[in-house]
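Asks: I need the structure of the sequence given here:
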Amino acid sequence: MPAPELRTRDERRADTLARFERDVDCWVSSATPGGVPYLVPLSYLWDGEVFLLATVASSPTARNLVASGRTRLAFGATRDVVLVEGAVSRVVPDDATASAFAAATGFDPRDEPQEYAYLAVRPVTVQAWREVNELAGRTLMKNGRWL
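Replies: Residues are numbered from 1 along each chain as shown. This next block holds a predicted model:
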């Protein structure tokens, strides 16, 4: 099967931003302070600048992300992938943001009996590629700035 046509950086960026708007879930990676990896799928809200995640406050994911302040998010299949390295901070969303999260994800942590942590992930590095022909130009954001 031939590789899809090579996209320009602008096309990749547009496709990536469309994926952030369209998708609801991503894979979230973290690690314990001792370096044990942990990977879970979580729903998110993308506001154009940060991803808002929510998970049980006592979960390994919440503990790891708050302790390290870093994560990597993965979107899509292996032949159309977007990877985001981001800086993480725990936030308390206002009612409008919490409602927007619930509307976007179909899940409202405010209705759950357990305490949930909301985590904001600010992208630092974004990479996107479909096939080997796009590996050379896969970095779209570096140091928090779109290239």
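
Asks: going forward, measure contacts between C-alpha atoms and count neighbours the same way
Replies: Noted.

Asks: helix/strand/coil for the nearest residue to Val121 once chain neighbours are set aside?
Replies: Distances taken as C-alpha to C-alpha, 6 or more residues apart in numbering put Val88 closest to Val121, at 4.6 Å, once the chain neighbours are dropped. The three-state label given to Val88 by DSSP: H, G, I helix; E, B strand; the rest coil is strand.

Asks: Would you mind measuring from Val88 to Glu21?
Replies: Distance, Val88 to Glu21, using C-alpha to C-alpha, to the nearest Å: 20 Å.

Asks: Of the two, which one has the most company?
Replies: Val88 (23 against 15; other C-alpha atoms under 10 Å).

Asks: My understanding was that that one contacts Ala117; is that so?
Replies: No - using C-alpha atoms under 8 Å, Val88 makes no contact with Ala117, being 11.8 Å away.

Asks: Pull up the pairing partners for the biggest strand by length in the chain, direction included.
Replies: Counting residues, the longest strand in the chain under DSSP state E turns out to be strand 116-129. Using DSSP bridges, the strands paired with strand 116-129 are strand 51-56 (antiparallel), strand 81-91 (antiparallel), strand 139-142 (antiparallel).

Asks: For the shortest one, list every residue counted as buried.
Replies: The neighbour-count check on strand 139-142 (16 or more other C-alpha atoms under 10 Å) flags 139-141 as buried.

Asks: Residues touching the following helix or strand past that strand, excluding its own?
Replies: The helix or strand immediately downstream of strand 139-142 is strand 145-146, counting by DSSP states H and E. Contact partners of strand 145-146, identified using C-alpha atoms under 8 Å, 6 or more residues apart in numbering, comprise 124, 140.
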